[in-house]
Each structure stands twice: as structure tokens, then as C-alpha cells.
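[1] here's my sequence, what's the structure:
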Amino acid sequence: MTAMDRRALILYAHGARDPRWAEPFERLLARLREKRPELPTALAYLDYLQPDLKSAAQALAAQGISAIRIVPLFFGRGGHLREDFPRQMKAVQAALPQVKFEIVEAAGEAPNVLDVLADFALAGME
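    Now for the predicted structure:
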């Protein structure tokens, strides 16, 4: 990525039939926007909910975004991230060849996320 890239962030989650399932992800998006109000951010879903990944990326690209970081909010790298996500990304990249994409590891595999979850689980166990 160059200094000239207009960057954005997409939080990518599974999705569910019950829209209430998305509430924690919407709160996370709101928190990101509080911390970095100048950074365009969006949620995208693998399944069931909208927007899907392609729609979210296209909406950001329409705002002049040239580089998008995608953060998979999955606990591990299961079938969805090994199979479904690459298929979706291929379609996104074909639709937006002018946009650079950075894909980070599944959130649940990041050591700092695991540390926070361990601290959460252990809270009050003294």
C-alpha cells in the first residue's frame, strides 16, 4: 500500500438468519468508528445478512477507496474461510481490479485476541 491509497476497513462475519445475531458486530463497528472516525469502515457478511462482501467493497470503492483491509471475525480458519471466503474474494477482486486488498488472519487466531479472551474468561477467578 502506498501513502496515496485511500484506505478502508471491512469487518467480515458469518451472518445468521436472526438479525439480532449481528448486534455485537454492529457494536464493534461503532467502537471502531469512535476510535477512527476518519477511516471508512463497513460490515460484510458471508451468509444470510446484507451487505455481502462484494456489495460492501463496491460501496467503499464508490467513495474513492483504493485499498481495503478485510478482518475476518471468525474464531478459526474453518471451511468458510478456507473455501467460501476465497470464492467470494475472487468475485470481489474481479469486480474491483483497481482496489488493493489486504486480508488478515481470522481474529480468533491472533495472539492478542486470544490474550484478551483468556483474561475475560479468567476474570473473577482469583
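
[2] hey, which helix or strand in this structure has the poorest pLDDT?
    For the chain, counting by mean pLDDT, DSSP states H and E, helix 79 ranks last in confidence among helices and strands (a mean of 85).

[3] so after that helix, what's the next helix or strand?
    The element immediately downstream of helix 79 (helix or strand, assigned by DSSP states H and E) is helix 85-95.

[4] mind giving me the packing neighbours of that next one?
    Contacts defined by 3 or more CB pairs under 8 Å, 6 or more residues apart in numbering; DSSP states H and E place helix 85-95 against helix 53-62, strand 100-103. No exception for glycine: its C-beta is placed from N, CA and C like everyone else's.

[5] now these as TSV including distance to residue 80?
    Below are the helices and strands packed on helix 85-95 laid out as TSV (distance: least, CB to CB, whole Å):
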stretch	distance to residue 80
helix 53-62	12
strand 100-103	14
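
[6] just say which of those is most tucked in.
    Of all these, helix 53-62 has the most neighbours on average by mean count of other CB atoms under 10 Å, namely a mean of 18.

[7] residues contacting that helix, please?
    Applying CB atoms under 8 Å, 6 or more residues apart in numbering, the external contacts of helix 53-62 come out as 8, 10, 12, 40, 42-46, 51, 68, 70, 85, 88-89, 91-92, 95-96, 98-99, 101.

[8] filter the residues you listed down to the buried ones.
    Buried members of the contacts of helix 53-62, scored by 16 or more other CB atoms under 10 Å, are 8, 10, 12, 40, 42-46, 68, 70, 85, 88-89, 92, 96, 99.

[9] how close does residue 53 get to residue 101?
    10 Å (CB to CB, to the nearest Å).

[10] give me the common contacts of these two.
    With CB under 8 Å, 6+ apart as the test, residue 53 and residue 101 both reach 70, 89, 92.

[11] now those in TSV, with distance to residue 120 and pLDDT?
    Converted to TSV, those look like this (distance: CB to CB, whole Å; pLDDT from 0 to 100):
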residue	distance to residue 120	pLDDT
70	25	98
89	31	97
92	33	98
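
[12] good, we can wrap up now.
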